[in-house]
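1. Build me a structure from this.
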Amino acid sequence: QVQLVESGGGLVQAGGSLRLSCAASGRTFNYYNMGWFRQAPGKEREFVAGISWRGDSIDYADSVKGRFTISRDNAKNTVYLQMNTLKPEDTAVYYCAADRRYSGLSQQLAEYDYWGQGTQVTVSS
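-> Numbering: from 1, shown residues only. I've put the predicted structure just below:
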């Protein structure tokens, strides 16, 4: 069992930056691929970024490429999402998720087994 707790959300002006953190409990975190997803009001939850358990494979949604950076520190059981050049359309609740399959990175929600409670990111224009 893995518990995930996100932090770092908030209100920021367009063009600004935020850094989200996701702290995980459990000794097996180091072997899980991790993902960040987001859900805007009235929209479905969507993939934002993913990182393999060793950190050697990374994937981004097209909408955030070049602006967001995912990273992880397995010694601290934490995964991060650095968000730069934020846009109003980035406004959403951001969730981190853990995938316990020993497989490649996935953008599919159904492949992720554990989810955090989410953190709100609001970007004003």
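2. tell me the centre residue of the chain?
-> What sits nearest the mean C-alpha location of the chain, by Cα atoms, centre = their mean, is residue 36, with 2.1 Å.
3. what sits against that one?
-> By Cβ atoms under 8 Å, 6 or more residues apart in numbering, residue 36 lies in contact with 20, 22, 47-50, 70, 79, 81, 94-97. Any C-beta I mention is one placed from the backbone N, CA and C, and that applies to glycine too.
4. May I see those residues organised as CSV, with secondary structure and distance to residue 28 added?
-> Listed next are the contacts of residue 36 as CSV, based on DSSP: H, G, I helix; E, B strand; the rest coil; distance: Cβ to Cβ, whole Å:
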residue, secondary structure, distance to residue 28
20, strand, 22
22, strand, 15
47, strand, 22
48, strand, 23
49, strand, 21
50, strand, 17
70, strand, 19
79, strand, 14
81, strand, 21
94, strand, 23
95, strand, 19
96, strand, 15
97, strand, 15
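5. got any ranges where the protein has weak pLDDT?
-> Across the chain, nothing is flagged by pLDDT under 70.
6. ok, which stretches of it are strands?
-> Applying DSSP state E to the chain gives strands spanning 4-7, 10-13, 18-24, 33-39, 46-51, 58-60, 68-73, 78-83, 92-99, 114-115, 119-124.
7. can you put these in a markdown table and add distance to residue 105?
-> Putting those into a markdown table (distance: least, Cβ to Cβ, whole Å) gives the following:
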| stretch | distance to residue 105 |
| --- | --- |
| strand 4-7 | 17 |
| strand 10-13 | 28 |
| strand 18-24 | 16 |
| strand 33-39 | 6 |
| strand 46-51 | 4 |
| strand 58-60 | 5 |
| strand 68-73 | 10 |
| strand 78-83 | 13 |
| strand 92-99 | 8 |
| strand 114-115 | 16 |
| strand 119-124 | 22 |
